[in-house]
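Engineer: Following is a predicted model, sequence given first.
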Amino acid sequence: MTTVEPELRLTHYAAGGGCACKVPPGELERVLGDLPLGTPSGDLLVGLEHGDDAAAVRIDGERAVVATTDFFTPVVDDPYDWGRIAAANALSDVYAMGGEPLVALNLLAWPRDRIPFDVAREVLRGGADVCREADTHLAGGHSIDDAEPKYGLAVTGLAHPDRLLRNDAAVPGTPLTLTKPLGLGVLNNRHKATGERFDAAVATMTTLNRDASRAALDAGCRAATDVTGFGMLGHLFKMARASGVTAVVDAASVPYVDGARDALRDGFVPGGSRRNLAWVRPHLQSSVGEDELVLLADAQTSGGLLVAGEVPGYPVVGELVPRGDAVVVVH
């Protein structure tokens with residue numbers, strides 16, 4: 001095992017961290033809006049139009065290929081943990097579609113003149129261990145020399161074409177279930193600024209969404225998304241908009257990782273979290289305070305699934321109702 005020097009702070013080699021370094025959602029939609037990208041037709045079951053977590057293509061009546069990729073800059077300083085988090089996050093896109101990952105490829109960018117390349121081995125080892133836990137083949141990949149370290153996976157999985165979890169399949173009268181606590185963005189931002197380690201956050205980010213996905217399918221759910229860089233409010237807005245419903249969130253029912261509220265109070269809010277809230281705000285009605293909204297929009301890394309339906313063992317945090325004056329309501 002490679003020994004990493006204590007002064008090596010991986011998070012200091014990147015401007016952003018984790019899924020908080022995503023391009024802002026409003027800017028992304030503006031750029032992609034008029035490009036000729038995949039619109040579902042024939043065997044393309046899910047493309048770009050509703051911002052789903054992965055693409056899905058029908059192979060036959062029993063199988064659809066689910067394809068995705070996800071990578072980001074360091075979200076924690078420990079290289080092994082970063083590799084585990086990034087791999088779990090990439091695999092989550094397949095689980096969020098109701099699929100099972102089959103094979104993954106590494107995506108690695110590394111500043112070889114600034115960080116010893118042996119440290120990259122620890123990142124790759126973390127990714128390999130998570131793929132092994134997920135029973136997913138890890139078969140090579142691609143690496144480049146880059147100014148900022150980045151790591152993730154390209155993942156291919158399989159799902160039943162009639163049992164996909166989609167952004168556009170939510171219906172009124174359905175509860176909303178959240179399968180992991182929020183607050184990862186503010187805690188990761190505090191970690192980057194202070195070096196404090198938050199074991200509960202790492203444990204949350206390295207937990208696979210496999211069991212939650214299987215439980216959602218077993219419960220008959222048909223709509224879901226994972227909660228990552230656009231925050232719970234951002235991803236919920238996309239699902240409610242695509243499905244033509246209004247999402248009502250009971251803020252008091254939403255769970256948070258230990259220490260998240262303290263990190264918010266002390267000012268460790270990622271810029272991505274505030275951008276998420278600004279994007280959703282024109283479509284939002286709320287009776288809660290600004291701090292609560294910031295946490296609900298907090299940019300997550302390897303967050304849980306947000307499911308339209310009640311999933312046993314996980315908290316219900318709201319409901320879907322017929323479309324009203326707002327796409328998202330928080331009380």
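Structural biologist: Sure thing, it's come through. Numbers count the residues shown, from 1 in each chain.
Engineer: Which pLDDT value does the model give the closest residue to residue 112 other than its chain neighbours?
Structural biologist: Spatial nearest neighbour of residue 112, chain neighbours left out: residue 145 (5.4 Å); criterion: Cβ to Cβ, 6 or more residues apart in numbering. Where C-beta positions appear, they are placed from N, C-alpha and C, glycine not excepted. In the prediction, the pLDDT value recorded for residue 145 is 96.
Engineer: what does residue 39 give?
Structural biologist: Looking at residue 39, its pLDDT reads 64.
Engineer: immediately after the helix or strand harbouring residue 92, which helix or strand?
Structural biologist: Assignment of secondary structure by DSSP states H and E places residue 92 within helix 79-96. Toward the C-terminus, helix 79-96 is succeeded by strand 100-110 as the next helix or strand (DSSP H and E).
Engineer: Partner strands of that next one and their direction?
Structural biologist: Note on strand 100-110: by DSSP bridges, its sheet partners are strand 137-145 (parallel), strand 150-159 (antiparallel).
Engineer: Next, the buried residues of the first one.
Structural biologist: Neighbour-count burial for strand 137-145, with 16 or more other Cβ atoms under 10 Å as criterion, is recorded at 138, 141, 143.
Engineer: per-domain residue ranges of this protein.
Structural biologist: 10-159, 174-330 (automatic domain parsing).
Engineer: ranking the ones you listed by mean pLDDT, which is last?
Structural biologist: domain 10-159 (a mean of 90).
Engineer: who's in contact with residue 173?
Structural biologist: Each residue near residue 173 by Cβ atoms under 8 Å, 6 or more residues apart in numbering is listed here: 319, 320, 321.
Engineer: Surely residue 244 and residue 320 touch.
Structural biologist: No - here residue 244 lies out of contact with residue 320, judged by Cβ atoms under 8 Å, at a distance of 10.2 Å.
Engineer: okay if I get the domains of the chain as JSON lines plus distance to residue 167?
Structural biologist: JSON lines is the format used below for the domains of the chain (distance: least, Cβ to Cβ, whole Å):
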{"stretch": "domain 10-159", "distance to residue 167": "4"}
{"stretch": "domain 174-330", "distance to residue 167": "4"}
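Engineer: Return the most buried member of those.
Structural biologist: Greatest average neighbour count among the domains of the chain goes to domain 174-330 (a mean of 21), per mean count of other Cβ atoms under 10 Å.
Engineer: From the opening residue of that one to its closing one, how far?
Structural biologist: One end of domain 174-330 sits 16 Å from the other (Cα to Cα, to the nearest Å).
Engineer: same thing with stretch 143-159?
Structural biologist: 29 Å.
Engineer: Quickly list what residue 177 is bridged to.
Structural biologist: Residues in beta-bridge contact with residue 177 (DSSP bridges): residue 307, residue 316.
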